[in-house]
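Participant: No sequence on hand, only this structure:
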């Protein structure tokens, strides 16, 4: 019989998978970690993927997001529907029709929560994180409510989801190594706060998440519930650009950084299990679709959606020298794309800080007051032609008439072409 929410065997592992203390007040994950060699369909690029032998999630009385099948999750913001777990059966007959073919929700190797989300993130000061972060390493960052949090990709690679709160906003920061994208969402559905975990499934070679309130399945790439009782709901995205560590600490010296020593898990942070994956001409792991022939499968692109219009630029089209500014439009909306050298690919070699330089990208609205600014690059900074103000890669004005101002961030994707063109099949593409 198919399982229902709160009545299935996928319980969160108890103490048999953990030592309670490693002598430093930190839990030790002593589950066996397996690495398997996954061959690329075209280029035979080997991709080690971590398979944690600890079991899956499911309802847990100690988890505040858990409910049983007899009552809806409710709060002053509303009530969530109750039904079978899509984590167990995406095509259960008592669930709404999935938005994707359940046969395309492929097991990606680990079981549910085999790649464990970080649910109790601990942060350290920039100076402390500087002891173990290379200046060229990528971090995803969120700036909300006067707070700035950085999430090093060397940690995200091993966890893929961090459930956090930034400036009073509950967020889930997600990262998919297979599609090379960091995307963050407000983790609120119909007024109800929940958390997200990894489902163990992939859709179009991209992370599929599940919410712990209803166990519906959500695609990381567009924040859409594709199976389960919440099918059709869409999460609110929040800009979380990837930035070189050197640029983060220069722009946000008072920011805080996800600590790798207090994640609650033992992982070889600083090692990349996907070494060699960032190769444009190789084929994505477990990707069943056809790659749009306008670019190579894993060619890096920057994608933006404004309203119903999607547009992407290849990395080659928006990069060059020490920095480059691109003035463009998406539909009728003007956008400014800043690119700055200095960030290396986390997926290129076995060490996240030793890959090829791909640079950092910021996408902004160039509208300040009643003016639309246009930008050029000047050394490692950017200058608007209207006032001569200089700006950094985060969209902050450094000097000039507009000093102290900030450009509005536009949610964008740093990702591979196969992923962008799959989720945005009607996209325009600008190539070099």
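Facilitator: Great, that's in hand. Small disclaimer: the values here were computed from a predicted structure and weren't measured. Residues are numbered from 1 along each chain as shown.

Participant: Can you list the low-confidence ranges for this protein?
Facilitator: Residue ranges of the chain with pLDDT under 70: 1-78.

Participant: try 90
Facilitator: Applying pLDDT under 90 to the chain picks out residues 1-79, 108-110, 289, 432.

Participant: any chance you could map the helices in it?
Facilitator: 126-129, 153-159, 245-251, 315-318, 417-423 (DSSP state H).

Participant: Any idea which of those gets closest to residue 299?
Facilitator: Proximity of the helices of the chain to residue 299 was assessed by Cβ to Cβ; the nearest stretch is helix 417-423, lying at 4.6 Å. The way it works is simple: take the backbone N, C-alpha and C, and place the C-beta from them, glycine included.

Participant: what's in contact with the closest one?
Facilitator: 179-181, 204-206, 219, 221-222, 284, 287, 289, 291-292, 294-301, 303, 312, 314, 413, 427, 429 (Cβ atoms under 8 Å, 6 or more residues apart in numbering).

Participant: ok, for residue 358, nearest residue in space, not its chain neighbours?
Facilitator: Residue nearest to residue 358 in three dimensions, not counting chain neighbours: residue 345, with 5.0 Å by Cβ to Cβ, 6 or more residues apart in numbering.

Participant: Ok, residue 120 next?
Facilitator: Counting by Cβ to Cβ, 6+ apart, residue 120 lies nearest to residue 264, which is 6.5 Å off, once chain neighbours are set aside.

Participant: my guess is the residue nearest to residue 358 contacts residue 278, does it?
Facilitator: Yes. Between residue 345 and residue 278 there is a contact at 4.6 Å, judged by Cβ atoms under 8 Å.

Participant: Kindly tell me how buried residue 367 is, as a neighbour count.
Facilitator: A total of 15 residues lie near residue 367 under the criterion other Cβ atoms under 10 Å.

Participant: I'd guessed it sits against residue 334; true?
Facilitator: Yes. Taking Cβ under 8 Å as the definition, residue 367 is a contact partner of residue 334 at 6.8 Å.

Participant: returning to that earlier point: in CSV, list the helices of the chain along with mean neighbour count and distance to residue 340.
Facilitator: Compiled in CSV, these are given as follows (neighbours: other Cβ atoms under 10 Å; distance: least, Cβ to Cβ, whole Å):
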stretch, mean neighbour count, distance to residue 340
helix 126-129, 16, 19
helix 153-159, 24, 17
helix 245-251, 21, 7
helix 315-318, 18, 11
helix 417-423, 25, 21
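
Participant: Please determine how far residue 299 is located from residue 207.
Facilitator: Using Cβ to Cβ, to the nearest Å, residue 299 is found at 20 Å from residue 207.

Participant: Who has more neighbours out of those two?
Facilitator: residue 207 (25 against 19).

Participant: bridging residues for the more buried one?
Facilitator: residue 202 (DSSP bridges).

Participant: Now do the contacts for it.
Facilitator: Listed by Cβ under 8 Å, 6+ apart, the contact set of residue 207 reads 160, 174-176, 178-179, 198, 219-221.

Participant: would TSV of those with neighbour count and distance to residue 132 be doable?
Facilitator: Formatted as TSV, these follow (neighbours: other Cβ atoms under 10 Å; distance: Cβ to Cβ, whole Å):
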residue	neighbour count	distance to residue 132
160	23	20
174	29	23
175	27	18
176	26	23
178	26	25
179	27	26
198	27	24
219	25	32
220	29	26
221	24	30
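
Participant: With respect to residue 190, which of these is nearest?
Facilitator: Nearest member of those to residue 190, counting by Cβ to Cβ, is residue 219, at 18.6 Å.

Participant: can you tell me which of the helices of the chain comes nearest to residue 137?
Facilitator: Of all the helices of the chain, helix 245-251 sits nearest to residue 137, with 4.8 Å by Cβ to Cβ.

Participant: In terms of secondary structure, what does that closest one contact?
Facilitator: With contacts taken as 3 or more Cβ pairs under 8 Å, 6 or more residues apart in numbering; DSSP states H and E, helix 245-251 sits against strand 138-144.

Participant: chain center to the strand it packs on: distance?
Facilitator: 10 Å (Cα atoms, centre = their mean, to the nearest Å).

Participant: Who are the packing partners of it?
Facilitator: When contacts are defined as 3+ Cβ pairs under 8 Å, 6+ apart, strand 138-144 packs onto strand 147-152, helix 153-159, strand 161-166, strand 169-176, strand 181-186, strand 242-244, helix 245-251.

Participant: which outside residues touch the second one?
Facilitator: So the one you mean is helix 153-159. Contacts of helix 153-159 (Cβ under 8 Å, 6+ apart): 50, 115-118, 133, 137-140, 162, 173, 175, 177, 182, 242, 258, 260, 263, 265, 267-270, 272-274, 346, 352-353.

Participant: ok, back up a step: so which of the contacts of residue 207 is the closest to residue 227?
Facilitator: Among the contacts of residue 207, residue 219 lies closest to residue 227 (Cβ to Cβ), at 9.8 Å.

Participant: circling back: would you mind putting the helices of the chain into TSV with distance to residue 393 alongside?
Facilitator: Output for the helices of the chain, formatted as TSV (distance: least, Cβ to Cβ, whole Å):
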stretch	distance to residue 393
helix 126-129	16
helix 153-159	17
helix 245-251	5
helix 315-318	13
helix 417-423	22
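
Participant: Against residue 422, how distant is residue 290?
Facilitator: According to Cβ to Cβ, residue 290 stands 9 Å off from residue 422.

Participant: buried residues in stretch 97-113?
Facilitator: Residues of stretch 97-113 classed as buried by neighbour count (16 or more other Cβ atoms under 10 Å): 98, 100, 102, 104-106, 108-113.

Participant: typed the wrong thing, it's stretch 323-330
Facilitator: Buried residues in stretch 323-330, defined by neighbour count with 16+ other Cβ under 10 Å: 323-326, 328, 330.

Participant: The residues you listed into TSV, with extra columns for distance to residue 363?
Facilitator: Conversion of the buried residues of stretch 323-330 to TSV gives the following (distance: Cβ to Cβ, whole Å):
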residue	distance to residue 363
323	14
324	13
325	11
326	9
328	9
330	9
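
Participant: Surely residue 97 is in contact with residue 231?
Facilitator: Yes. Contact criterion Cβ under 8 Å: residue 97 and residue 231 qualify, at 7.4 Å.

Participant: Among the buried residues of stretch 323-330, which are located in strands?
Facilitator: Within the buried residues of stretch 323-330, residues falling in strands by DSSP state E are 323-326, 328, 330.

Participant: ok, so of those residues, who is nearest residue 307?
Facilitator: Nearest to residue 307 among those, with distances taken as Cβ to Cβ, is residue 330, at 8.3 Å.

Participant: That concludes my questions; thank you for your assistance.
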